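1. model this:
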Amino acid sequence: MDKVKIHFLGASGTVTGSKFFLETPEQNILVDCGMFQGLKELRKMNWKPLPIDAKKIDLVLLTHGHLDHTGYLPRLVKTGFKGKIIGTPPTLSITSVILRDSAKIHEEEAERANMEGYSKHNPALPFYTVEEAEHAIALFVPKEKDVWINISENIKFRFRYNGHILGATFIELEIFGKRFVFSGDVGRKKDPLLSPPERPRWADYLFLESTYGNKLHPKEDVEGILVDLIEDTIRQRGSLIIPSFAVERLQSLMYTLWKLYKKNRIPNIALFVDSPMGNNVLSVFENHPDWHKLAHEECIAMCSHFNIITSYKDTWKTIDDPRPKVVIAGSGMVTGGRVLTYLKQLIDIPTTTVLLVGYQAEGTRGRQLLEGAHEIKLFGKYISVKAKIEHLESLSAHADQFELLDWLGEIKNYPEKVFLIHGEPLALDAFGVKIKDTMGWQVHIPELYELIEIPIST
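-> The predicted structure is shown next:
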């Protein structure tokens, strides 16, 4: 007998920073390589060295391209990783866009902090540079979904379609006859742009996300709510600001607003998309038509209906535009990106509405706004919140508790252990009880940096 050692290096007891390191007798594998986001204590952990040697990792497998699953890659490479970084073709395309954009933001924020002197660090340094992001991207190796790929004599893996965002998968790892399933982020059964997630049929050890493990998404009339908000914005001659993730959420919002216009449910209000990363992701949609439901002609027509902003100069022109307007800008949890500039200028104006869409992690500005903050800190200064804050939770790209249980419904065996990850403590605890009560499975909620050893026959 030998064993697999599993190191929980992120998304354990929290919803961010996904990193799971598997030491096996043949290969050492890192599943996902995300940054911590949200709470300051979590963000500070990004700067601490990993409790493992990056040089000992043979390869990285990515479930999808979001920053909390990929954003640590440049640091991993900087500290000595030289192996392959493997994902589906659209996942690696999106990860390339996200890492380059993130690196640029890190550099700009460090430069701004040094110029304006609002950082405690002297000098403030970027978490990683554009050059360091390129070093990571150079190690990308695309692999198709649904194909078993051998990485050693007794270890193989395959990617399975998972909805959520373009290219997203869950990962099935066969290690000496035992199947380890990493859910990644599970998508919705009904999504305007993506097909329903596929479901695993066998799992000896299951690593399951729990973002909405304690909640059901509300049955909201998304189109009706958007129509009402836009009519209100026009009536007040104000601005509707929608912070949005650049991947999938942005495209879904564009598609929904375009459909509303086509159905004559909203007038021809000025619609702006200010997300350089989101614009690049639109081209990823065009390059991978088999991964989504949006026809090429629809994509072109939809994009032509929006004012696509490419320069920071045009961001300021949009802010100064006196017309009633809708602005979709990154980032979705108001942690960075162009939306900060809009909010700094417009959130203290009563005719502004901020529409939060989807999950807002603990410690983010999005969560602060959702919980009624009277002011938020932007670029080192506190700004009064006089705008109306709205929330559309049903636009989340994450499965809720019911959908997660449904995703488990095809598993034919009795898993030896279910590890609940990628959730805040209340969600983890509630989901653990639900799985035990409904499935009778053994559940473990790992702590950050916990080490679990699983015996295997070699």
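2. Where does pLDDT dip in the chain?
-> Within the chain, the ranges that satisfy pLDDT under 70 run 1, 118-119, 278.
3. can I see the domain layout of it?
-> 2-215+397-456, 222-395 (automatic domain parsing).
4. Check the separation of the first and last residues in the shortest one.
-> According to CA to CA, to the nearest Å, domain 222-395 extends 8 Å from its N-terminal end residue to its C-terminal end residue.
5. Could you do stretch 135-145 as well?
-> Distance across stretch 135-145, first residue to last, is 25 Å (CA to CA).
6. Give me the distance between it and the centre of its chain.
-> How far stretch 135-145 lies from its chain's middle: 19 Å, per CA atoms, centre = their mean, to the nearest Å.
7. Equivalent analysis for stretch 366-379, please.
-> 20 Å.
8. likewise stretch 423-436?
-> 20 Å.
9. ditto for stretch 115-129
-> Worked out by CA atoms, centre = their mean, stretch 115-129 lies 25 Å from the chain centre.
10. just to revisit the earlier point, a markdown table please, covering the domains of the chain and showing mean neighbour count.
-> (Each C-beta comes from the backbone N, C-alpha and C, glycine too.) Output for the domains of the chain, formatted as a markdown table (neighbours: other CB atoms under 10 Å):
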| stretch | mean neighbour count |
| --- | --- |
| domain 2-215+397-456 | 19 |
| domain 222-395 | 18 |
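11. how about the strands of the stretch 201-350 of the chain, start to end?
-> For the stretch 201-350 of the chain, applying DSSP state E, counting those that start in this stretch gives strands covering 205-209, 239-243, 270-274, 307-308, 325-329.
12. For the residue most central in space within the chain, give its distance to Gly358.
-> The C-alpha lying nearest the average C-alpha coordinate of the chain belongs to His66 (CA atoms, centre = their mean; 3.8 Å). According to CB to CB, to the nearest Å, His66 and Gly358 sit 12 Å apart.
13. Ok, Asn307 next?
-> In this view, Asn307 and Gly358 are 23 Å apart by CB to CB.
14. shared neighbours, His66 and Gly358?
-> Phe245 (CB atoms under 8 Å, 6 or more residues apart in numbering).
15. any chance you could map the strands in the stretch 1-150 of the chain?
-> Along the stretch 1-150 of the chain, counting by DSSP E, counting those that start in this stretch, strands occupy 2-8, 19-23, 28-33, 59-61, 84-87, 140-142, 149-152.
16. Same list, these, but as a markdown table with distance to Asp290 please.
-> Shown next, in a markdown table, are these (distance: least, CB to CB, whole Å):
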| stretch | distance to Asp290 |
| --- | --- |
| strand 2-8 | 33 |
| strand 19-23 | 28 |
| strand 28-33 | 24 |
| strand 59-61 | 21 |
| strand 84-87 | 16 |
| strand 140-142 | 14 |
| strand 149-152 | 19 |
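17. closest to Ile300 out of these?
-> Nearest of the strands of the stretch 1-150 of the chain to Ile300, taken as CB to CB: strand 140-142 at 25.6 Å.
18. what helices or strands is the closest one leaning on?
-> Secondary-structure packing of strand 140-142 (3 or more CB pairs under 8 Å, 6 or more residues apart in numbering; DSSP states H and E): strand 84-87, helix 89-116.
19. Make a markdown table from these and add distance to Lys56 to it.
-> What follows is those, written out as a markdown table (distance: least, CB to CB, whole Å):
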| stretch | distance to Lys56 |
| --- | --- |
| strand 84-87 | 15 |
| helix 89-116 | 23 |
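20. and the strand or helix carrying Gly366, how far from the chain's centre?
-> Using DSSP states H and E, Gly366 falls within helix 365-370. Helix 365-370 sits 17 Å away from the centroid of its parent chain (CA atoms, centre = their mean).
21. Not including adjacent chain positions, what is the nearest residue to Lys388?
-> Among residues not flanking Lys388 along the chain, Thr353 sits closest, at 4.6 Å (CB to CB, 6 or more residues apart in numbering).
22. The one you found and Ile234: what is the separation?
-> For Thr353, the distance to Ile234 (CB to CB) stands at 11 Å.
23. Helices along this structure, start to end?
-> Applying DSSP state H to the chain gives helices spanning 40-45, 67-70, 73-78, 89-116, 130-137, 222-236, 249-262, 276-287, 296-304, 312-320, 339-346, 365-370, 401-408, 425-439.
24. For the second one, name the packing helices and strands.
-> With contacts defined as 3+ CB pairs under 8 Å, 6+ apart, helix 67-70 has these neighbours: strand 28-33, helix 89-116.
25. tell me the contacts of Glu223?
-> With CB under 8 Å, 6+ apart, Glu223 has these contacts: 256, 259-260, 265.
26. so which of these comes closest to Asp406?
-> Closest to Asp406 out of the contacts of Glu223 is Thr256 (24.2 Å), distances taken as CB to CB.
27. Tell me who's in contact with that closest one.
-> Residues in contact with Thr256, defined by CB under 8 Å, 6+ apart, are 192, 222-223, 226.
28. repeat that for 10 Å
-> Neighbour list for Thr256: 192-193, 222-223, 226, 395 [criterion: CB atoms under 10 Å, 6 or more residues apart in numbering].
29. State whether Pro267 and Leu257 are indeed in contact, as I suppose.
-> No: applying CB atoms under 10 Å as the test, Pro267 and Leu257 come out as separate, 11.7 Å apart.
30. who touches both of these two?
-> Common neighbours of Pro267 and Leu257, using CB under 10 Å, 6+ apart, are Ile230.
31. Contacts only, for the residue nearest to Pro322 when sequence neighbours are not counted.
-> Of all residues not flanking Pro322 in the chain, Arg237 sits nearest, at 7.6 Å (CB to CB, 6+ apart). Neighbouring residues of Arg237 by CB under 10 Å, 6+ apart: 322-325, 351.
32. Out of those, which comes closest to Leu59?
-> Distance to Leu59, by CB to CB, is smallest for Lys325 among the contacts of Arg237, at 46.3 Å.
33. Distance check, the closest residue to the closest one other than its chain neighbours against Leu355.
-> Closest residue to Lys325 apart from its sequence neighbours, by CB to CB, 6+ apart: Ala270 at 4.3 Å. Distance of Ala270 to Leu355, given as CB to CB: 16 Å.
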